[in-house]
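K.L.:
this one's structure only:
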Ligand code: RM4
Ligand code: MN
Ligand code: MN
């Protein structure tokens, strides 16, 4: 018999899961690798059509991924001219084009940086690519343009750190001026790689300053893999929530550096802690507009499989964090009842929400077990045999 409290719990869980959406990256379906080698997968997508098809399969299985992040250079090499093709794919597959990601890291010109390059011509070239990307996003009705720069230097004394800040500020202000009222500019940070001495946007403080300086629709993008070991990411998230600068996430997990591993594979508790900060801010009535996105690149696992695994993990952790009894937690925090607070928090994390997510899937007509449904559904085998016949393209990004 289902008790009243069980059905209330289910309703709460269903509401939480119904409203959860996460964007998947087109590059997550393509062949990638590390700088040491690429292990080509026959099921990997080479064309944009294939990436949309894979995204539709992930959506069919999980119910939570309505949009696909696009990398301009990899997915729309002809820029604005490719917009009609993308629109046709959106209609055909029922997947929206998501955040638009300019590519400022592959052209030869960018050897010494893009928006922070000492050469004014190269800075202009980079800015014009960003402006094109804003235009593409406008035409596609994509709200977010996500900026990640490879800029930095490898050796002390070889670049003026301050001059580069000034160039970057200028470029971001100009980019912001070109945004439509509903558009946003998300500024991602990363402490190192490809530059190893300094990166021009190394952490959330730099991103925050740049966002504030650029204008009211610029926000910070937190890639969970872009932090030093042991950094307290949920504290960064809390600060960004408090200052209304949190624009979105690139979710992945890491052990050492920017490993781009499956979400929650190394430290699921960390994602729970981040989600708790967000639920808590929402319950406190803070204005939230956070784009959840995945930024992963699977070298060894099957790409669709890893994406489904990630989305399912995100759903579970989002739900777990929703179930934290925050009024009770607040009371324990106020009275400094440390162990009671900690046990409540950890206890919610240990709670197995899988029966709830399963029941929600069944209620929504989704497969009860998305990974199992993928395994038995034949999609991967079908695309493997179709795609395996031709020579596959390998993205140069690791
Ligand atoms: C960077 C960063 C960006 C991603 C590139 C390819 O490390 O995470 O978001 O677009 O990699
Ligand atoms: Mn990223
Ligand atoms: Mn990264």
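P.N.:
Looks like it arrived, so ask away. In this text, all values refer to a predicted model and were calculated from it rather than measured experimentally. Ligands and ions are numbered 1, 2, ... in the order given.

K.L.:
Please work out how many residues are found near the residue in the stretch 251-398 of the chain that ligand 2 sits nearest to.
P.N.:
Residue of the stretch 251-398 of the chain nearest ligand 2, by C-beta to the ion: residue 295 (3.7 Å). C-beta coordinates here come from the backbone N, C-alpha and C atoms, glycine included. By the criterion of other C-beta atoms under 10 Å, residue 295 has 26 neighbours.

K.L.:
what's the nearest residue to it if we skip its chain neighbours?
P.N.:
The shortest distance from residue 295 to any non-neighbouring residue, by C-beta to C-beta, 6 or more residues apart in numbering, is to residue 250 (3.4 Å).

K.L.:
now residue 353
P.N.:
residue 319 (4.9 Å).

K.L.:
Which residue ranges of this protein form strands?
P.N.:
With DSSP state E as the definition, the chain shows strands at residue ranges 24-25, 33-34, 37-38, 67-71, 96-101, 144-147, 152-153, 184-188, 198-199, 218-223, 246-251, 291-294.

K.L.:
how close does the closest residue to ligand 1 within the stretch 1-150 of the chain get to residue 295?
P.N.:
Proximity of the stretch 1-150 of the chain to ligand 1 (C-beta to the nearest ligand atom) peaks at residue 148, 3.8 Å away. Distance from residue 148 to residue 295, counting by C-beta to C-beta, to the nearest Å: 9 Å.

K.L.:
what's around the residue nearest to residue 159 when sequence neighbours are not counted, how many residues?
P.N.:
Nearest non-adjacent residue to residue 159, counting by C-beta to C-beta, 6+ apart: residue 153, 4.1 Å away. As a burial measure, residue 153 scores 20 neighbours (other C-beta under 10 Å).

K.L.:
before we move on, back to that, return the most buried member of the strands of the chain.
P.N.:
Neighbour counts (mean count of other C-beta atoms under 10 Å) averaged over each of the strands of the chain peak at strand 24-25, with a mean of 28.

K.L.:
what residues does that strand touch?
P.N.:
Under the criterion C-beta atoms under 8 Å, 6 or more residues apart in numbering, residues 55, 58, 65, 67-69, 71, 293-296, 307, 311 lie in contact with strand 24-25.

K.L.:
at 10 Å instead, please
P.N.:
51, 54-55, 58-59, 62, 64-71, 95, 98-99, 101, 250, 252, 260, 293-297, 304, 307-308, 310-311 (C-beta atoms under 10 Å, 6 or more residues apart in numbering).

K.L.:
overlap between those and the residues near ligand 1?
P.N.:
101, 250, 295 (C-beta under 6 Å from any ligand atom).

K.L.:
from what I can see the last one touches residue 98, true?
P.N.:
The reference is to residue 295. No - between residue 295 and residue 98 there is no contact under C-beta atoms under 10 Å: 11.8 Å.

K.L.:
shared neighbours of those two, which are they?
P.N.:
By C-beta under 10 Å, 6+ apart, residue 295 and residue 98 have these common neighbours: 23, 24, 25, 69, 146.

K.L.:
Would you agree the fourth one is in contact with residue 294?
P.N.:
Right, residue 69. Yes - counting by C-beta under 10 Å, residue 294 is a contact partner of residue 69 at 8.2 Å.

K.L.:
so what sits against both of the two?
P.N.:
Joint contacts of residue 69 and residue 294 (C-beta under 10 Å, 6+ apart) are 23, 24, 25, 28, 250.

K.L.:
And these, which is closest to ligand 2?
P.N.:
residue 250 (3.6 Å).

K.L.:
Residues of the stretch 201-350 of the chain that sit close to ligand 2?
P.N.:
Residues of the stretch 201-350 of the chain lying near ligand 2 by C-beta under 5 Å from the ion: 223, 250, 295.

K.L.:
Is it possible to get TSV of the residues you listed that adds pLDDT?
P.N.:
Converted to TSV, these look like this (pLDDT from 0 to 100):
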residue	pLDDT
223	98
250	98
295	98
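
K.L.:
which among those residues gets closest to residue 390?
P.N.:
residue 295 (27.3 Å; C-beta to C-beta).

K.L.:
residues in contact with the closest one?
P.N.:
23-25, 27-28, 69, 101, 146, 148, 188, 221, 223-226, 249-252, 258, 260, 263.

K.L.:
if I look at it, how far off is residue 226?
P.N.:
9 Å.

K.L.:
so what sits against both of the two?
P.N.:
148, 188, 250, 252, 258.

K.L.:
Give me the distance between the closest residue to the first one other than its chain neighbours and residue 201.
P.N.:
Meaning residue 148. Take residue 148 and drop its neighbours on the chain: the residue closest to it by C-beta to C-beta, 6+ apart is residue 188, 4.2 Å away. Applying C-beta to C-beta, the value for residue 188 to residue 201 is 7 Å.

K.L.:
Between these two, which contacts overlap?
P.N.:
Common neighbours of residue 188 and residue 201 (C-beta under 10 Å, 6+ apart) are 147, 148, 149, 207, 220, 226.

K.L.:
number of nearby residues for the fourth one?
P.N.:
By the other C-beta under 10 Å criterion, the neighbourhood of residue 207 contains 26 residues.

K.L.:
check contacts around residue 315.
P.N.:
Contacts of residue 315 (C-beta under 10 Å, 6+ apart): 16, 17, 20, 22, 62, 63, 64, 353, 357, 360, 361, 370.

K.L.:
Recalculate using a threshold of 6 Å.
P.N.:
17, 357 (C-beta atoms under 6 Å, 6 or more residues apart in numbering).

K.L.:
what's the answer for residue 318, then?
P.N.:
20, 275.

K.L.:
how much space is there between it and residue 350?
P.N.:
16 Å.

K.L.:
I figured residue 281 hits residue 242, correct?
P.N.:
No - here residue 281 does not reach residue 242: they are 7.9 Å apart, not a contact under C-beta atoms under 6 Å.

K.L.:
The two: which is more packed in?
P.N.:
Set side by side, residue 281 and residue 242 show more neighbours around residue 281, with 20 against 12, by other C-beta under 10 Å.
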